[in-house]
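Colleague: Structure for this input, please:
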Amino acid sequence: MRLYYVRHGQSENNAHWMEDSSAYERVPDPLLTDLGEQQADLVAAFLARSGVDVVEWDDASPGFSGFGITHCYASLMERAVVTGYRIAVALNLPLLSWIDIHETGGMFTYDPETDTSHPEPGRSRGYLQAHYPRLVLPDGVNDSGWWNRPREAPEQMQPRAERVLAELLSRHGGTDDQVVLVSHGGFFNHLICAILGLAETEKLWFTLNNTSITRIDFHAEGRVGIQYVNRRDFLPPELIT
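Modeller: Residues are numbered from 1 along each chain as shown. Reported below is the predicted structural model:
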């Protein structure tokens, strides 16, 4: 299996933070900015190309020549859905939702004055089906939303990443599948620690730009090859955020 981890395009939260982090007001489920939509279109077009992602080891594995994506997953946070949808359309694939690859914390609003968090439901099944007909939803997503639970606690984050890794290997390990996960910057740090066998992420941070690509190869004998992290050469400098 070859994994391509793609961070979502620039969200409204990302843009507001860059403009003035001191006055930043977080919203629970932001959309992409116009710039983020441009990023999503460019990463989709790049992943749809063939023969552009060959490294030395590929010569020994003819099934791993070029991107040749076979599966495309996305978090159900809308910034990831929008990004993943552009990719799925470019690849003519269904977009498979995966609730557990959501950003750390989940869906919540936060009140800094009282230091309290309040859960948010997330988009409903009807909304997602109407806006993203290519998106494949699990049975548990209904019209009350896909989240509807308390904010994820810090001690729950790493175990969730370990579950995602185990499920990913169960679905695709030992195959020639080439899998895209469209997810989030914070969750990536937990997932990469799970892949590397690290117990915590407090003193380690991998920076991912919006729509950057990270490639990790899982070989049948258990060897893992991290080919690159935060690839963004398909973006012009003015679209790198």
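Colleague: contacts and neighbour counts: CA atoms only from here.
Modeller: Noted.
Colleague: what packs against the longest helix seen in the chain?
Modeller: In the chain, taking DSSP state H as the definition, the longest helix is helix 154-172. Contacts defined by 3 or more CA pairs under 8 Å, 6 or more residues apart in numbering; DSSP states H and E place helix 154-172 against helix 185-196.
Colleague: Show residues contacting the helix it packs on.
Modeller: 7, 101-104, 157-158, 161-162, 164-165, 199-201, 204-208 (CA atoms under 8 Å, 6 or more residues apart in numbering).
Colleague: Just the buried ones out of these, please.
Modeller: In the contacts of helix 185-196, burial by neighbour count holds for 7, 101-104, 157-158, 161-162, 164-165, 201, 208, counting by 16 or more other CA atoms under 10 Å.
Colleague: In terms of pLDDT, where does the residue positioned nearest the centre of the chain sit?
Modeller: In the chain, the centroid-proximal residue (CA atoms, centre = their mean) is residue 183; its distance is 1.3 Å. Note on residue 183: pLDDT of 98.
Colleague: Show me where the protein has its strands.
Modeller: 2-7, 71-74, 95-97, 108-111, 116-119, 135-136, 178-183, 213-218, 224-231 (DSSP state E).
Colleague: Report whether the expected contact of residue 214 with residue 229 is present.
Modeller: Yes: the pair residue 214 / residue 229 is scored as a contact, 4.3 Å apart, by CA atoms under 8 Å.
Colleague: Those two - which one has more neighbours?
Modeller: residue 214 (21 against 16; other CA atoms under 10 Å).
Colleague: For the more buried one, list each beta-bridge partner.
Modeller: Taking DSSP bridges as the rule, residue 214 bridges to residue 5.
Colleague: for it, what are its contacts?
Modeller: By CA under 8 Å, 6+ apart, the neighbours of residue 214 are 3-6, 227-231.
Colleague: Take those residues and write them to a markdown table, including distance to residue 25 and pLDDT.
Modeller: What follows is the contacts of residue 214, written out as a markdown table (distance: CA to CA, whole Å; pLDDT from 0 to 100):
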| residue | distance to residue 25 | pLDDT |
| --- | --- | --- |
| 3 | 33 | 97 |
| 4 | 31 | 97 |
| 5 | 27 | 98 |
| 6 | 25 | 98 |
| 227 | 36 | 93 |
| 228 | 33 | 94 |
| 229 | 29 | 97 |
| 230 | 27 | 98 |
| 231 | 29 | 96 |
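Colleague: among those residues, who's most crowded?
Modeller: Among the contacts of residue 214, the one with the most neighbours (other CA under 10 Å) is residue 6, at 30 neighbours.
Colleague: quick one: that residue from residue 210, how far?
Modeller: Computed as CA to CA, to the nearest Å, the residue 6 to residue 210 distance reads 8 Å.
Colleague: and what of residue 108?
Modeller: With CA to CA as the criterion, residue 108 and residue 210 are 22 Å apart.
Colleague: Same drill for the two, tell me which one is more crowded.
Modeller: Neighbours of residue 108 and residue 210, each counted by other CA under 10 Å, are more numerous for residue 210; the result is 25 against 22.
Colleague: And the closest residue to that one other than its chain neighbours, its phi and psi?
Modeller: Nearest residue to residue 210, sequence neighbours excluded (CA to CA, 6 or more residues apart in numbering): residue 9, at 4.8 Å. Dihedral pair for residue 9: phi -70, psi 170, per degrees, to the nearest 10.
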